[in-house]
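Visitor: Model the structure of this input:
(one chain, ligands or ions: 2)
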Amino acid sequence: MAKIKKVKAREILASGGEPSLQVTVTLESGIIGEASVSYGASAGSKEATVLLDKDLKRYNGKGMQMAVEIINKILGPAVTGLEASEQQNIDQKMIDLDGTENKSRFGGNAILGVSMAVARAQAYEEKLPLYKYLINKFNLKEISKLPKPMVVMIEGGKHADQTTDLQEYLVSAMGNKSTVENVRMEMEIYQALKNILKREGLSINVGNEGAFAPDHIKNNELPMQYLVEAIKNAGYIPGVDAGISIDAAASEFFENKYNLKIENKKLNSEELINYYCNWIEKYPFVSWEDMLSEFDWDSWPVLLNKINGKFPLIADDLTVTNTKLWQKAIELKAANAILIKLNQAGSVSETIDCCKVAIDNNFWTITSHRGGGETNDTFMVDLAVAVGSEYIKVGPTRGERVEKYNRLMRIEEEINEK
Ligand code: PGA
Ligand code: ZN
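Guide: Ligands and ions are numbered 1, 2, ... in the order given. Here you go, the predicted model:
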């Protein structure tokens with residue numbers, strides 16, 4: 001048993017060169033736990049608030065000094081003296097102190113930073129790997145398999161410039177290969193894709209998530225053709241070794257109608273659904289995500305119905321790792337898989353509670369990185385392992401992304417050694 005002795009926060013830089021938070025928790029035993037908080041570029045409107053300074057003289061209003069102050073002067077002192085093992089109580093205390101529905105008073109970023117750092121400190125205190133500590137603490141099932149990689153290969157939308165309307169085209173590992181083999185396969189496919197893009201005269205510059213972001217691509221379907229070809233060229237079988245996932249992030253191109261700029265099309269919900277459904281038989285899909293806007297609740301069940309169990313429909317902006325919204329999605333049959341992002345919920349306990357609703361209903365969880373403001377922190381990987389996520393969704397290159405796959409491979413090594 002160890003009480004929290006000190007909590008200290010600081011501003012750090014996230015992957016997009018703008019600030020985020022890092023929190024250090026020191027226990028009375030001398031053990032230290034540290035965590036960094038990520039945030040998104042195409043965030044859902046109901047996510048826990050990312051508290052920003054709004055001081056336009058610093059980082060164009062995106063500083064986090066206020067959140068740092070809140071941690072150092074309010075949240076830190078409030079949890080100091082509490083047993084670090086009492087994760088749920090600590091999280092609840094911060095949630096109650098904030099008192100708002102979306103953590104707008106103290107910021108989901110501030111609360112989450114403390115929450116993650118406490119969990120990490122206590123895991124060290126108990127000499128357990130973080131995933132194992134989370135399994136014990138939250139009464140989760142023992143590990144039966146590790147999450148597979150779902151790798152962003154081509155990105156557009158808000159994550160890039162002058163490219164596809166849809167935000168992400170991903171390759172998802174299929175079958176029962178080891179993590180090390182799955183990661184190798186994905187990276188070989190990524191290299192094969194580079195050659196295809198070059199051949200097509202497209203740029204191989206990368207976007208927010210380290211995936212290719214070719215500009216002036218002619219339509220939203222071409223990336224899927226390239227991905228199937230890349231899987232084959234790398235020596236794998238589409239639909240057997242690896243399949244395709246899409247995250248449209250459709251809230252970002254909804255303006256009264258769905259505005260597909262590169263194709264000069266403005267579609268209503270029904271037309272967009274038909275546009276997508278033409279693809280179903282053409283490509284080996286593993287999942288679709290946020291194909292409709294987060295405000296288009298009525299259309300989600302229509303799409304889910306049309307997919308007809310062929311692959312899961314993942315809710316991200318629709319449900320924002322929020323138990324209530326996720327329960328609503330299940331009741332309305334709007335989605336049958338959920339994307340999990342710690343900072344959408346704003347605390348470790350709420351994130352895991354939301355996963356439990358998926359686990360109880362036998363739905364996939366897919367634990368995800370964030371677009372614009374990712375950090376080197378790998379908490380999300382341990383979380384994914386602990387809750388038994390089917391996939392981790394992470395970009396293929398850049399330090400803050402590959403760190404996640406390196407952590408997953410390390411966990412596999414650790415488990416195999418036991
Ligand atoms: P974001 O993108 O982190 O920029 O929101 C990732 C996603 O939409 O899944
Ligand atoms: Zn998404």
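Visitor: Need the single longest helix in the chain, by residues.
Guide: Counting residues, the longest helix found in the chain (DSSP state H) is helix 179-199.
Visitor: Dump the C-alpha coordinates for the helix or strand just after it into CSV.
Guide: Proceeding C-terminally, helix 179-199 gives way to helix 222-233 as the next helix or strand, assigned by DSSP states H and E. Below are the C-alpha coordinates for helix 222-233, written out as CSV (Å, rounded to 0.1, in the frame of the first residue of the first chain):
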residue,chain,number,x,y,z
LEU,A,222,-8.8,4.5,-55.4
PRO,A,223,-7.0,4.0,-52.0
MET,A,224,-8.8,0.8,-51.5
GLN,A,225,-7.6,-0.5,-54.9
TYR,A,226,-4.1,0.4,-53.9
LEU,A,227,-4.3,-1.3,-50.6
VAL,A,228,-5.5,-4.6,-52.1
GLU,A,229,-2.7,-4.4,-54.6
ALA,A,230,-0.2,-3.6,-51.9
ILE,A,231,-1.3,-6.6,-49.8
LYS,A,232,-0.8,-8.8,-52.8
ASN,A,233,2.5,-7.3,-53.9
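Visitor: Enumerate the positions of helix 222-233 that are buried.
Guide: Using 16 or more other Cβ atoms under 10 Å as the test for burial, helix 222-233 gives Leu222, Pro223, Met224, Tyr226, Leu227, Val228, Glu229, Ala230, Ile231, Asn233. Placement of C-beta: from N, CA and C, glycine included.
Visitor: could those residues go into CSV alongside distance to ligand 2 and pLDDT?
Guide: Converted to CSV, the buried residues of helix 222-233 look like this (distance: Cβ to the ion, whole Å; pLDDT from 0 to 100):
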residue, distance to ligand 2, pLDDT
Leu222, 20, 98
Pro223, 16, 98
Met224, 17, 98
Tyr226, 20, 98
Leu227, 17, 98
Val228, 22, 98
Glu229, 25, 98
Ala230, 22, 99
Ile231, 22, 99
Asn233, 27, 98
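Visitor: of all the residues you listed, which comes closest to Ile12?
Guide: Sorting the buried residues of helix 222-233 by distance to Ile12 puts Pro223 at the head of the list, at 33.0 Å, by Cβ to Cβ.
Visitor: any idea how far the closest one is from ligand 1?
Guide: The spacing between Pro223 and ligand 1, counted by Cβ to the nearest ligand atom, to the nearest Å, is 16 Å.
Visitor: What of Gly373?
Guide: Relative to ligand 1, Gly373 is positioned 8 Å away (criterion: Cβ to the nearest ligand atom).
Visitor: ok, now which ones touch that residue?
Guide: Residues counted as contacts of Gly373 (Cβ atoms under 8 Å, 6 or more residues apart in numbering) are Ala14, Ser15, Gly16, Glu18, Ser20, Ser38, Tyr39, Gly40, Ala41.
Visitor: Go again with 6 Å.
Guide: Residues near Gly373 by Cβ atoms under 6 Å, 6 or more residues apart in numbering: Ala14, Gly16, Ser20, Ser38, Tyr39.
Visitor: helix, strand or coil for the third one?
Guide: Spelled out, that is Ser20. Under the three-state scheme (DSSP: H, G, I helix; E, B strand; the rest coil), Ser20 adopts strand.
Visitor: again, but for the one 5 residues further on
Guide: The three-state label given to Val25 by three-state DSSP is strand.
Visitor: Tell me how many other residues crowd it.
Guide: Residues near Val25, counting by other Cβ atoms under 10 Å, number 30.
Visitor: partner residues bridging it?
Guide: With DSSP bridges applied, the residues forming beta bridges to Val25 are Val7, Gly33.
Visitor: do you know how far it is from Ala84?
Guide: Val25 sits 7 Å away from Ala84, going by Cβ to Cβ, to the nearest Å.
Visitor: do the same with Glu281
Guide: If you measure Glu281 against Ala84 using Cβ to Cβ, the figure is 53 Å.
Visitor: the more surrounded of the two?
Guide: Neighbour totals were compared for Glu281 and Ala84, and Ala84 leads with 29 against 8 (other Cβ under 10 Å).
Visitor: Local confidence estimate at that one?
Guide: Per-residue pLDDT puts Ala84 at 98.
Visitor: State the mean pLDDT of the longest helix of the chain.
Guide: Helix 179-199 carries an average pLDDT of 98.
Visitor: same deal with stretch 258-274?
Guide: Within the predicted structure, the mean pLDDT of stretch 258-274 is 97.
Visitor: and if you look at stretch 391-402?
Guide: Model confidence over stretch 391-402 averages 98 on the pLDDT scale.
Visitor: What are the boundaries of the strands in the stretch 201-350 of the chain?
Guide: Under the criterion DSSP state E, counting those that start in this stretch, the stretch 201-350 of the chain carries strands at the ranges 242-247, 254-255, 257-260, 265-267, 285-289, 313-315, 337-340.
Visitor: could you dump these to JSON lines with distance to ligand 1 and mean neighbour count?
Guide: Putting the strands of the stretch 201-350 of the chain into JSON lines (distance: least, Cβ to the nearest ligand atom, whole Å; neighbours: other Cβ atoms under 10 Å) gives the following:
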{"stretch": "strand 242-247", "distance to ligand 1": "5", "mean neighbour count": "26"}
{"stretch": "strand 254-255", "distance to ligand 1": "14", "mean neighbour count": "12"}
{"stretch": "strand 257-260", "distance to ligand 1": "16", "mean neighbour count": "18"}
{"stretch": "strand 265-267", "distance to ligand 1": "20", "mean neighbour count": "16"}
{"stretch": "strand 285-289", "distance to ligand 1": "7", "mean neighbour count": "24"}
{"stretch": "strand 313-315", "distance to ligand 1": "9", "mean neighbour count": "27"}
{"stretch": "strand 337-340", "distance to ligand 1": "6", "mean neighbour count": "26"}
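Visitor: Relative to Glu142, which of those is closest?
Guide: Proximity to Glu142 (Cβ to Cβ) singles out strand 337-340 among the strands of the stretch 201-350 of the chain, at 19.4 Å.
Visitor: which residues touch the closest one?
Guide: With Cβ under 6 Å, 6+ apart as the contact definition, strand 337-340 has outside contacts at 312, 314-316, 319, 321, 326, 358, 363-368.
Visitor: Report the two of those residues separated the most.
Guide: When the contacts of strand 337-340 are compared pair by pair using Cβ to Cβ, the two farthest from each other are Pro312 and Thr321, 16.4 Å apart.
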